[in-house]
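>>> I'd like to go over a predicted model; first the sequence, then the structure.
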Amino acid sequence: MRYQRYLLPATLILALATTACGTGTTTAKSSSAPAVSSSQSTASTTTTADPSSWASLGTVRSLWMAFNRPGIAADPAAHPDDLAVCRTGAVDVSANGGATWASVPTSAVVTATAASPYPVTKLANAEPTCTSAVVDPSHPKTVYATFNAGKAPYGMPPVFTIPVYTTDGGQTWHIVTAPIGASAGTFGQFEVTPSGVAAIFAAMASRSSALVMETADGGAVWHSATLLCPKTGPCLVWGPSASGIGSCAMSAYAQPIEASMNDGKTWTVLQAPSGPGSPIPMLINGCGLNQLVALSASAVLLIGNGTTEPAETVRFSHNNGKSWVNVPLPSLPDDSAPAGLQMLPNGTLISAVFTQTSATTYGDALALLKPGATAWCTVPNLTITNMDPSTLQAVGSSLWWNDGQGGTPQSKPLSQIQC
């Protein structure tokens, strides 16, 4: 049984492809989880074993897309209306695609974690702010959130990411019990699964496969689960994001990609190249929002933000991730490094670029690189102020972003993101 939670409906992909020129991730399954089937893109994909440029990849269409951590929507394709945004002292959630919002307070997280090995504390007397949040699509009062915490009694650094959840709209919060072989300090990220919501942990044993706890009833009961292959394409999933780290502003921290060659029975953490002539010290820097895009049964793109030097932002594998080659991109209109780089459902790359619209007005614009194109184009008449490019995320049929400081999210239909 194979499943991928970011599988994009063929109708959505084909519709966007005609209107626009342009969320880890892993899945989990318990032994009793029912089989789930989903539609997929049937569009053809032209790839080469060793592309020399973005244009040489030809017309690319995705079988599935997977972000390495939750953005505004933890499940952008299957549940695009369920949104969550971290604010100081609260998580703002929406069940209708952002038409209306409700506030879930997080102040009780301090009390809930006070006696744990990883307490969440107030900094400068400010209420704690989560780093990511996930809405439970089937249980609207349940919200899952990740908070930074220090290790008792020493505090921070290092910084640990702690998984908590509320089942009563924020009145009380609880720590997710870690599976055997992991601890709260090795937690990576929450993810929506076919059966519910999963908490992904790194195993304390070096180079072991990720460990998973899952709930199917909105957090009332948690049980051990396993990684599950996507339904189609390469069996690659995101491993847990790094915990117990210093500042992402100072260092890069690797996030693993896990692969299975036997339909999920066993898993292997993909190794980064090493030795002479291997320029990539890690496959991906988990401090950024990164993306896996399956193109065929064995071909996959790895789109990275915040990669280490040299900055190889797009890489291609024709053999299920066993080896990777850099896919050179043309220079952006402002000659900057890509920011918020990701693939849209129709195969176009999108990136934020800095622009000056008048003598006194500055902001971010969006640039697009169509499948097979040799140059970027800039979306006209769209300048965004106070945008954090790391918050860009295509969700359903819209593109979302905010200022990265808990500001009001903004969106624009993907059909209008064109040039």
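Happy to help now that I have it. Numbering: from 1, shown residues only.

>>> tell me how far the ends of stretch 334-353 are from each other?
Stretch 334-353 has an end-to-end distance of 6 Å (Cα to Cα, to the nearest Å).

>>> and residue 124, what are its phi and psi?
Phi and psi for residue 124, reported as degrees, to the nearest 10, are phi 50, psi 40.

>>> ugh, wrong one, residue 71
phi -110, psi -140.

>>> Just give the closest residue to it, not the sequence neighbours.
Nearest non-adjacent residue to residue 71, counting by Cβ to Cβ, 6 or more residues apart in numbering: residue 393, 3.7 Å away. In short, each C-beta sits where N, CA and C put it, glycine included.

>>> Can you spell out which helices and strands pack onto the helix or strand hosting residue 399?
Using DSSP states H and E, residue 399 sits in strand 398-401. Contacts defined by 3 or more Cβ pairs under 8 Å, 6 or more residues apart in numbering; DSSP states H and E place strand 398-401 against strand 393-395, strand 410-413.

>>> quick check: mean pLDDT across stretch 349-368?
In this model, stretch 349-368 has a mean pLDDT of 76.

>>> Distance of the residue lying closest to residue 102 once chain neighbours are set aside relative to residue 304?
Excluding the flanking residues, the one nearest residue 102 by Cβ to Cβ, 6+ apart is residue 93, at 5.6 Å. Residue 93 is 29 Å from residue 304, where distance means Cβ to Cβ, to the nearest Å.

>>> Tell me the backbone dihedrals of the residue nearest to residue 102, please.
The phi/psi pair for residue 93 (degrees, to the nearest 10) is phi -130, psi 150.

>>> and the closest residue to residue 127 other than its chain neighbours, how many neighbours?
Of all residues not flanking residue 127 in the chain, residue 89 sits nearest, at 3.1 Å (Cβ to Cβ, 6+ apart). By other Cβ atoms under 10 Å, 18 other residues sit near residue 89.

>>> Offset the numbering so it begins at 19, please.
Noted, 19 is the first residue going forward, which turns the last one into residue 107.

>>> And the helices in this protein?
Secondary structure of the chain, counting by DSSP state H: helices at 28-37, 126-131.

>>> what's around the nearest residue to residue 408 once chain neighbours are set aside, how many residues?
Among residues not flanking residue 408 along the chain, residue 307 sits closest, at 5.4 Å (Cβ to Cβ, 6+ apart). For residue 307, the count of nearby residues is 23 (other Cβ under 10 Å).

>>> likewise residue 129?
Using other Cβ under 10 Å: residue 129 sits among 12 other residues.

>>> and what of residue 204?
22.

>>> surely it meets residue 197?
No. The pair residue 204 / residue 197 is not scored as a contact, 9.7 Å apart, by Cβ atoms under 8 Å.

>>> between these two, what contacts are shared?
Common neighbours of residue 204 and residue 197, using Cβ atoms under 8 Å, 6 or more residues apart in numbering, are residue 219.
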